[in-house]
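From the sequence below, what's the structure:
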Amino acid sequence: MKASNILLIITAIITALMAGLFFSYSISVSLGLGKLNDKEFLNAMQNINREIQNIPFFICFFGTLIMLPITSFLHYKKQSFLLLIIATLFYSLGVFVVTVFVNIPLNNKLDLLDLASSSNASARQMRNIFEDRWNFWNNIRSLSSLCSVFFVILACVYNGDKLKSN
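A predicted model of the protein is given here:
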């Protein structure tokens, strides 16, 4: 098997892992957290936002951002090239840009809140600022990463069809 095909498979796996993370969060975690009272919700989100910053997450999050364009380049003269470029755009814009310019700033703002000394009113205010906006943009990341996976899988299929015909 060619190195470009192995990289395509690795790219598909890490892209799928990221899509699974955002999708799972959208359809389960955010729903469960939504049932908590304001301070419990904010405390849970602060802890999640701190804990997600770990090596496996960074490898998959940034690995996808790096591997999609590399894999696209390696498939430049193949049928799968355009599909990989589309996957790259969905991930770069709908996941990476949204994360950097929306979700991380919201996470940072939330991290500054001292829950122990905040009143119920200030907790309610922070939740109103944070929750709906964060969840909306996480749903955008979920949809974008799912689209990215879809196009990477199509690229694998088209790449496989071309290999069979040779």
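
Scan the protein for its longest helix.
helix 120-165 (DSSP state H).

Against which helices or strands is it packed?
Helices and strands touching helix 120-165, by 3 or more C-beta pairs under 8 Å, 6 or more residues apart in numbering; DSSP states H and E, are helix 3-24, helix 38-51, helix 55-74, helix 80-91, helix 98, helix 104-111. Heads up, the C-betas are built off the backbone N, CA and C, glycines and all.

one more time with 10 Å, if that's ok
Where contact means 3 or more C-beta pairs under 10 Å, 6 or more residues apart in numbering; DSSP states H and E, helix 120-165 is packed against helix 3-24, helix 30-33, helix 38-51, helix 55-74, helix 80-91, helix 98, helix 104-111.

Take these and lay them out in TSV including distance to Ile129.
Below are the helices and strands packed on helix 120-165 laid out as TSV (distance: least, C-beta to C-beta, whole Å):
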stretch	distance to Ile129
helix 3-24	21
helix 30-33	15
helix 38-51	11
helix 55-74	25
helix 80-91	27
helix 98	17
helix 104-111	7
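
nearest to Ala121, of those helices?
Of all those, helix 38-51 sits nearest to Ala121, with 9.3 Å by C-beta to C-beta.
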